[in-house]
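Participant: have a look; sequence and predicted model below, questions after that.
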Amino acid sequence: MRGRIADAFAGSRDIVRRALPLLAIGFLADAAFIFIFLIALQSYLPEKLHASAAIAGYALAAFGVAKLLSQVLSGMVSDRLGTRKAMIGGTALLLIADASMLPLAHVAPYAIVAAAAIEGLGSSVLWPALYSAGTSRFEAGEKSRFTAVLTLATMAALLAGLGGGALLNMYVPFNFAMLLSISLVASACAIALLTPVSARETEERKTAEKPSLRELPAVLRSPQRVAFSAIIVAESIALGALTAIFRAYGRDVAGVSLTREGLLLAPAAVLGGLGVIAGGALADRVGARRVMAPGFVVAGMAVLLLAHVTQPAMIVVAAAAGGIGFGLAVPTIASTMMALAGGAGARGGVIGWFMSMDGLGHAVGPALAALLLPELGTKSVMLLVGAAFLAVGAIAAARKLTDESEPRHEDQTWTAAAGGGPTPMMHRAEVGRR
């Protein structure tokens, strides 16, 4: 077993090399988003352009609503156009939205809300296409490592957007900072233009039947996809609720300042990042389900423990255990989504559905936290989060999510039967190399 996992780590460099265009697009798009919505609209706009601070909240709401409402249809656009054209279209919409925010900030700040809706539409087109492109490029024994490095790319984008944005806010005027952000999205669009379609996707699209929106519910009714939808909703509710009580936990449960809370939880963040890398390699060798179930059980038990302990040493240990468990499990969510996505004809629509379920959970989780917090306190929200993580682990342990009991070195594409689960069809075309 140790040798197999070591081989998985050794093969990760080749996966990174083949995934570079997709990683770059994801990183650039996310870094620009973080800067615009967390720095430009929340700092530059009210502090230096004297616009209303409420614009940021309205813009984020418009982004989220537009993305949620268009996610499934946008995924089907990817099926119709192909992943390359969909990535070009998605990044082009992001570019239009970001570029329009620069003049609007000076002449009609509230119109930025409409631009944010266009941003949401662009994001809903881009991300299903990005995951669909990864599905066609990586074999069954590579998908978890691909999703792991994509997760790390988005984490790096968060750090770059926040850290770089804070520096820009201190030293650089608004117009120049926005031009830098717009150049990130323009670069993502250029990379999408230059990225060829994989050989496997080309072959799949020759025979793929593209279902209409009317047929998509039948595709989604397979027991495996229903179970995985429940997993996604539970996991995203937990994450949304946990994010909403970040400060409340430190204040009401741990009894520490914000700075002290950050220091206590820092080891968990570091170990979680390392866990993402290990989780991708491990899942590709022993199976995503075998990593997902124990990972979320550990994370759930850790959150339940954190709801009751107040000693700093215990908080560090429990949070670190939760970070490791969650980090190990994170790549298995996206890789299972890719495995269940279907063949080229329905892949984007199915991924769009799963992403819609994720968006739903991220909306419900904070809302539940807001309802529980004043009535029952922070501990009640943490108990909800822990229970949701345990539910994910229980579903993963009880339900076979894919038809692969062990990972293989051939990719599988699926044709969805109208009333049942997916039917495996082996497809051995070489993964497209760049």
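Facilitator: Noted; the coordinates are in hand. Just so you know, these numbers come straight off a predicted model, no measurement behind them.
Participant: does residue 351 touch residue 130 like I think?
Facilitator: No - assessed by Cβ atoms under 8 Å, residue 351 is found out of contact with residue 130, at 9.3 Å. Bear in mind the C-beta positions are built from the backbone N, C-alpha and C, glycine included.
Participant: quick one: which of those two has more around it?
Facilitator: A direct count of neighbours by other Cβ atoms under 10 Å for residue 351 and residue 130 places residue 351 higher, at 29 against 25.
Participant: the helix or strand hosting the more buried one: which residues count as buried?
Facilitator: Here residue 351, judged by DSSP states H and E, is contained in helix 347-376. By neighbour count on 16 or more other Cβ atoms under 10 Å, the buried set for helix 347-376 is 347-363, 365-366, 368-369, 372-373.
Participant: got it, and stretch 382-395?
Facilitator: 382-386, 388-395.
Participant: what's the answer for stretch 181-200, then?
Facilitator: Residues of stretch 181-200 classed as buried by neighbour count (16+ other Cβ under 10 Å): 181-182, 184-192, 195, 197-198, 200.
Participant: now, the buried residues of stretch 382-395 that are in helices?
Facilitator: Those of the buried residues of stretch 382-395 mapping onto helices are 382-386, 388-395, per DSSP state H.
Participant: could the residues you listed go into TSV alongside distance to residue 162?
Facilitator: Below are these laid out as TSV (distance: Cβ to Cβ, whole Å):
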residue	distance to residue 162
382	25
383	30
384	28
385	24
386	28
388	27
389	26
390	31
391	31
392	28
393	31
394	35
395	33
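Participant: of these, which is the nearest to residue 85?
Facilitator: Nearest to residue 85, judged by Cβ to Cβ, of these is residue 392 at 34.6 Å.
Participant: once you drop chain neighbours, what's closest to that closest one?
Facilitator: With sequence-adjacent residues excluded and distances taken as Cβ to Cβ, 6 or more residues apart in numbering, residue 392 is closest to residue 296, at 4.3 Å.
Participant: quick revisit: mind checking how far the helix holding residue 351 is from the chain centre?
Facilitator: Centroid separation between helix 347-376 and its chain, computed with Cα atoms, centre = their mean, to the nearest Å, is 13 Å.
Participant: before we move on, what about stretch 163-179?
Facilitator: With Cα atoms, centre = their mean, you get 26 Å for stretch 163-179.
Participant: where does the stretch 251-400 of the chain have low pLDDT?
Facilitator: Counting by pLDDT under 70, the stretch 251-400 of the chain contains low-confidence residues at 342-345.
Participant: my guess is residue 272 meets residue 329, correct?
Facilitator: No - using Cβ under 8 Å, residue 272 makes no contact with residue 329, being 10.1 Å away.
Participant: any idea how far the residue lying closest to residue 379 once chain neighbours are set aside lies from residue 385?
Facilitator: Nearest residue to residue 379, sequence neighbours excluded (Cβ to Cβ, 6+ apart): residue 307, at 4.7 Å. Distance, residue 307 to residue 385, using Cβ to Cβ, to the nearest Å: 9 Å.
Participant: ok, now residue 20?
Facilitator: From residue 20 across to residue 385, the span is 35 Å (Cβ to Cβ).
Participant: next one: residue 116
Facilitator: Distance of residue 116 to residue 385, given as Cβ to Cβ: 29 Å.
Participant: circling back to that earlier point, farthest pair in the buried residues of stretch 382-395?
Facilitator: Using Cβ to Cβ, the buried residues of stretch 382-395 span at most 20.6 Å, a distance reached by 382 and 395.
Participant: OK, contacts around the closest residue to residue 361 other than its chain neighbours?
Facilitator: Spatial nearest neighbour of residue 361, excluding adjacent residues (Cβ to Cβ, 6+ apart): residue 236 at 2.7 Å. Residue 236 sits next to 357-362, 365 when contact means Cβ atoms under 8 Å, 6 or more residues apart in numbering.
Participant: in what helix or strand does residue 236 lie?
Facilitator: Applying DSSP H and E, one finds residue 236 within helix 223-244.
Participant: correct me, but residue 166 touches residue 39?
Facilitator: Yes - using Cβ under 8 Å, residue 166 is in contact with residue 39, at 7.0 Å.
Participant: out of those two, which sits in the busier spot?
Facilitator: residue 39 (22 against 13).
Participant: and that one, what's its pLDDT?
Facilitator: pLDDT recorded at residue 39 is 85.
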